[in-house]
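[1] structure for the following, please:
(2 chains)
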Protein chains: 2
Amino acid sequence: MRIVVLAGGIGGARFLRGLKQAVPDADITVIGNTGDDIHLFGLKICPDLDTVMYTLGGGIDEEQGWGRTDETFHLKEELAAYGVGPEWFGLGDRDFATHIVRTQMLGAGFPLSAVTEALCDRWQPGVRLIPMTDDRVETHVAVTLPDSGSATGAGERKAVHFQEYWVRLRASVPAEAVVPVGAEQAKPAPGVLEAIAEADVILFPPSNPVVSVGTILAVPGIREAIADAGVPVIGLSPIVGDAPVRGMADKVLAAVGVESTAPAVAEHYGSGLLDGWLVDTVDAGCVERVEAAGIRCRAVPLMMTDVDAAARMAREALTLAEEVRAV
Amino acid sequence: MRIVVLAGGIGGARFLRGLKQAVPDADITVIGNTGDDIHLFGLKICPDLDTVMYTLGGGIDEEQGWGRTDETFHLKEELAAYGVGPEWFGLGDRDFATHIVRTQMLGAGFPLSAVTEALCDRWQPGVRLIPMTDDRVETHVAVTLPDSGSATGAGERKAVHFQEYWVRLRASVPAEAVVPVGAEQAKPAPGVLEAIAEADVILFPPSNPVVSVGTILAVPGIREAIADAGVPVIGLSPIVGDAPVRGMADKVLAAVGVESTAPAVAEHYGSGLLDGWLVDTVDAGCVERVEAAGIRCRAVPLMMTDVDAAARMAREALTLAEEVRAV
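    Okay, here's the model as predicted:
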């Protein structure tokens, strides 16, 4: 079975670990979000790709869900001692190595997809991990920062990098707009469209529908390829009981005018793209609403408390795919 | 008192610490060797400048004499796990921060001298540290590597970076030539010639006469400025009892046809440059030979066992400078 998964960071990575357990013999291609990539200290950092790679490769910090296990932060401490920031972005000593290798390879002319393949040579994630694009796409968030003493009392409206919004500001101010800068000009990375065309099933894990899955779908050609693939496209709701399972998806959903509920996210993807949608059992009451939108829906437990729970979710998604296929 | 010191790495740095203790109110300018700089992992590394900066700023690993105290090597371990080398060059997690800040500033267009000043803002070494040049100079060593199975049995003659000769090969094969590549086209960094012209005394610490002090003197204008400064130029022998006090100076002295003895090194600098020379008490027998070469010479203890010993050596050097001046 050939499965394509569109993945963001922590949620996508944990779902993938469950999927691998559920169908160990499946041929899994992961299309990774690169919109949250950032350049810091002269290095190219790809948080979502790395989270998938570390999680599936056994190198992740299990508790926080990102970064390396057994990590130290001496380099970062020293950068701070030199007055070089930003201090709000957590880069550990082990993690730095990944960014150094990546930056060197990019500087030598390799595209990000080739670099990611080389990094995965070490981690052996058991899936084929491809960045959505080799081109630069950077998600920016328009915000109004609180007044810091201006005479007018008006706040400052500005666009900040997604990481600054997410990590530094902790999504504490409303996201007025979310723009994947560069996406319109980006081309899918080699292998992305081919994997979609050859897939037996396509899955949207419970990743952020705006800044993770949404950004991948913003690369011209990917949404169309998925809609045209003629195979079941199944998503899992990242919203359980009107709140994100983790992260702050509600903050960026508001920016695109979508309410923070499981059915609203399904409607946001739309029946032109999505064939099936899993909501949590607490949201069983909204199954009808989703099906009314032309999307087959089931209510199952969606809390990824451990790998077994994630595996059960993956199995439910594949079961729903079979139901869709049988129609 | 304005003192100019030409410094290499460990020997120069430890002498400078003694000098600061001996004359705390002196205005000390250090002209640092950059011939052993190396680019690794996309970063610009300046081992000698950093050894001086860390030693005088209280951040040095006292035991090994280079690198940072309280250091870890996680980043390097991870680079090795990615198969990215070289593994023979010891870069610690804390040390990496210095190279990242330096590389970013150089990339932003600042010359190395300005970058070094900025790094010293943090370390407050208590001296003005200037690289010998802002231009790229790279010391290469011509070697014949042992036969590794060729049909002819002949070794491979090649030029290796000084660090590869020194650190990887541990100077285990003869240095056939030592070439400061780029030195001929290099210009002294801003402040170098001015500091020499305004100095009351110029000191050559017990640094390597070929690859440290010799490389600095190879930058056109520096040797001439020192010879023309009209102030005492005093050196301390890095060779004690026919062997280098530390390091492998004998290996590179052979490459320039100089025997590894205290008087031979003085003659190598020459009376046109050097006014006074300190040899160790065990070499008292060669004072006459040095003086016959037109260089005033004294035999004093030259083992830098601790800061006090280095301070005594610095005082002896300044005393000899006064003797020279009084003539």
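
[2] CA atoms for contacts and neighbours, from now on please.
    Fine.

[3] how many residues are close by the residue lying closest to A:Tyr82 once chain neighbours are set aside?
    Take A:Tyr82 and drop its neighbours on the chain: the residue closest to it by CA to CA, 6 or more residues apart in numbering or on different chains is B:Arg122, 6.1 Å away. For B:Arg122, the tally of surrounding residues (other CA atoms under 10 Å in any protein chain shown) stands at 13.

[4] same check, this time on A:Glu63
    Counted with other CA under 10 Å, the neighbours of A:Glu63 add up to 8.

[5] so it sits in a helix?
    No. For A:Glu63, which was evaluated using DSSP: H, G, I helix; E, B strand; the rest coil, the result is coil, with no helix membership.

[6] returning to what we had before: pretty sure the residue nearest to A:Tyr82 contacts A:Ala81?
    Yes. The pair B:Arg122 / A:Ala81 is scored as a contact, 7.3 Å apart, by CA atoms under 8 Å.

[7] in three-state terms, label the residue nearest to A:Tyr82 for me.
    Under the three-state scheme (three-state DSSP), the conformation of B:Arg122 reads as helix.

[8] and the pLDDT for it?
    As predicted, B:Arg122 sits at a pLDDT of 98.

[9] now swap in A:Arg246 and tell me
    For A:Arg246, the pLDDT comes out at 77.

[10] could you do A:Leu106 as well?
    In the prediction, the pLDDT value recorded for A:Leu106 is 97.

[11] how about the residue of the stretch 201-327 of chain A found nearest chain B, what does it touch?
    With distances taken as CA to the nearest CA, the stretch 201-327 of chain A approaches chain B most closely at A:Val307, which sits 26.4 Å away. For A:Val307, the contacting residues are A:14, A:17-18, A:21, by CA atoms under 8 Å, 6 or more residues apart in numbering or on different chains.

[12] for the stretch 1-150 of chain A, just list every one of the strands.
    Under the criterion DSSP state E, counting those that start in this stretch, the stretch 1-150 of chain A contains strands at A:2-7, A:27-32, A:38-40, A:43-45, A:128-131, A:138-145.

[13] same list (those strands) but as JSON lines, adding distance to chain B and mean pLDDT.
    Written out in JSON lines, the entries for the strands of the stretch 1-150 of chain A read as follows (distance: least, CA to the nearest CA, whole Å; pLDDT from 0 to 100):
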{"stretch": "strand A:2-7", "distance to chain B": "24", "mean pLDDT": "98"}
{"stretch": "strand A:27-32", "distance to chain B": "21", "mean pLDDT": "98"}
{"stretch": "strand A:38-40", "distance to chain B": "10", "mean pLDDT": "95"}
{"stretch": "strand A:43-45", "distance to chain B": "9", "mean pLDDT": "97"}
{"stretch": "strand A:128-131", "distance to chain B": "17", "mean pLDDT": "98"}
{"stretch": "strand A:138-145", "distance to chain B": "21", "mean pLDDT": "94"}
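
[14] TSV please, covering the ones you listed and showing mean neighbour count.
    Shown next, in TSV, are those (neighbours: other CA atoms under 10 Å in any protein chain shown):
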stretch	mean neighbour count
strand A:2-7	24
strand A:27-32	24
strand A:38-40	15
strand A:43-45	20
strand A:128-131	24
strand A:138-145	21
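
[15] next SSE downstream of the worst-scoring helix or strand of chain A on mean pLDDT?
    Every helix and strand in chain A was compared by mean pLDDT, DSSP states H and E; the lowest is strand A:243-244, with a mean of 82. Reading on from strand A:243-244 to the C-terminus, the next helix or strand found by DSSP states H and E is helix A:249-255.
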